[in-house]
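Engineer: Here is a sequence with its predicted model. Questions after.
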Amino acid sequence: MYINRGELKRRGSFRFRANYWHAVLVALVYFLLNGGAVTISRRFNTTTTTTNSSFSYNASYSLADDPTIKWIIGLALGVVLIAVAIGFTFAIFVINPINVGIYTFFLRNSSGEAEGFHLGDGFKYNYLNVVKTMFFMNLWILLWTLLFIVPGIIKSYSYRLVPYILAENPDIDTNEALMRSEQLMRGNKWETFIYDLSFIGWYILGIFFLVSVFWVQPYKLSCDAELYRLLAGKSGEDYSFGVEGTGAGPSGYEEPSYYAPGFGRNDSAATSEQTSSSAPSTSSHSSETKSDGVVSEEDTIEYKPGE
């Protein structure tokens, strides 16, 4: 499927600006939970190293032979392993459900239905299924990455839409969610990769913390929600979160007609719609209207098949 990046970005920008402060705060949570806090600490962390050129030691003596040093090293490794285990557990049971809630907000916001922040949606609706699905998604990406880096990148694109699928249907089976994402991304990975590259200028500006928080992160997440709607064939103006309903736009805004005919649908669907609209009607011929606007019986010709 061809991804019209300009159309998609304009729509993402529209939705982001329509609910600006909510989007910024939700994106800030996403930024902090997904590596932003580490980046900030690195920027403000200063380390000092001191060297003493007069330091000398007996070559015949090794620190590794000191039982105290061995105990300290073992304790340090134990602390590191425990910290890693706690970090993984926290990510699996806390961060992943919050991320699903963040995707829920931006997906709802794309149809003008976001009320509040939705950060807890991943905990409220089938929490264990959300945890399990996100865990296996990350596990498969990790295993493919261990083979080679490139297969891991490809697999990450294959499972890119899983959080959005969970946001709309938290009861979906894990395997079905993974397969659904793979189906939607089949033939669209390269276009999505080019779409991501088109934000490289924003990523560079995102080096500055305030720019990243107040624009880059919420803008990108808004566009990503539009990307999901596009690939899932839900980019019409009548889209409603979770169902094919009518999604009202944000207060004070009119829904923009950014999408070209057939945008967000496969070519066969668009072609069939055009064919059906251009096909002649078989029910009756058009009635000719006289100059006074009245149609008489003799002006109406009933069409019969075979005539």
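Structural biologist: Cool, got the structure. Because the structure is predicted, anything quoted here is derived from the model rather than measured. Residues are numbered from 1 along each chain as shown.
Engineer: Let me know the next secondary structure element after the lengthiest helix in the chain.
Structural biologist: Counting by DSSP state H, the longest helix found in the chain is helix 67-90. Next along the chain after helix 67-90, taking DSSP states H and E as the criterion, comes helix 96-109.
Engineer: Just want the angle from that following helix to helix 67-90.
Structural biologist: Per axes from the mean of the first three to the mean of the last three CA atoms, to 10 degrees, the angle that helix 96-109 makes with helix 67-90 is 30 degrees.
Engineer: Name the residues that touch helix 96-109?
Structural biologist: The contact list for helix 96-109, computed with CB atoms under 8 Å, 6 or more residues apart in numbering, reads 15-16, 18-19, 22-23, 26-27, 29-30, 33-34, 114-115, 117-123, 127, 130-131, 134-135, 138, 163-164, 166-168, 170, 221-222, 224-225, 228-229, 241. (Each C-beta comes from the backbone N, C-alpha and C, glycine too.)
Engineer: how about 7 Å then?
Structural biologist: 15, 19, 23, 26, 29-30, 33, 114, 117-123, 127, 130-131, 134, 163-164, 166-167, 221-222, 225, 228, 241 (CB atoms under 7 Å, 6 or more residues apart in numbering).
Engineer: Go through that helix and flag the buried ones.
Structural biologist: 96-109 (16 or more other CB atoms under 10 Å).
Engineer: now, the most widely separated pair of those residues?
Structural biologist: Using CB to CB, the pair of the buried residues of helix 96-109 lying farthest apart is Asn96 and Asn109, separated by 20.4 Å.
Engineer: Low-confidence regions, the stretch 201-307 of the chain specifically.
Structural biologist: Residue ranges of the stretch 201-307 of the chain with pLDDT under 70: 235-307.
Engineer: start to end distance for stretch 166-177?
Structural biologist: Taking CA to CA, to the nearest Å as the measure, stretch 166-177 stretches 7 Å from start to finish.
Engineer: residues of it that come out buried?
Structural biologist: 166-170, 172, 174, 177.
Engineer: now stretch 116-136
Structural biologist: So for stretch 116-136, counting by 16+ other CB under 10 Å, buried means 117-119, 121-123, 125-127, 129-136.
Engineer: Give me the subset of those residues lying in helices.
Structural biologist: 121-123, 127, 129-136.
Engineer: Need those residues in JSON lines (columns: pLDDT and distance to Leu81).
Structural biologist: Shown next, in JSON lines, are these (pLDDT from 0 to 100; distance: CB to CB, whole Å):
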{"residue": "Asp121", "pLDDT": "93", "distance to Leu81": "33"}
{"residue": "Gly122", "pLDDT": "93", "distance to Leu81": "28"}
{"residue": "Phe123", "pLDDT": "96", "distance to Leu81": "28"}
{"residue": "Tyr127", "pLDDT": "96", "distance to Leu81": "27"}
{"residue": "Asn129", "pLDDT": "97", "distance to Leu81": "29"}
{"residue": "Val130", "pLDDT": "97", "distance to Leu81": "27"}
{"residue": "Val131", "pLDDT": "97", "distance to Leu81": "22"}
{"residue": "Lys132", "pLDDT": "97", "distance to Leu81": "24"}
{"residue": "Thr133", "pLDDT": "97", "distance to Leu81": "27"}
{"residue": "Met134", "pLDDT": "97", "distance to Leu81": "23"}
{"residue": "Phe135", "pLDDT": "97", "distance to Leu81": "20"}
{"residue": "Phe136", "pLDDT": "97", "distance to Leu81": "23"}
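Engineer: That'll do, ta.
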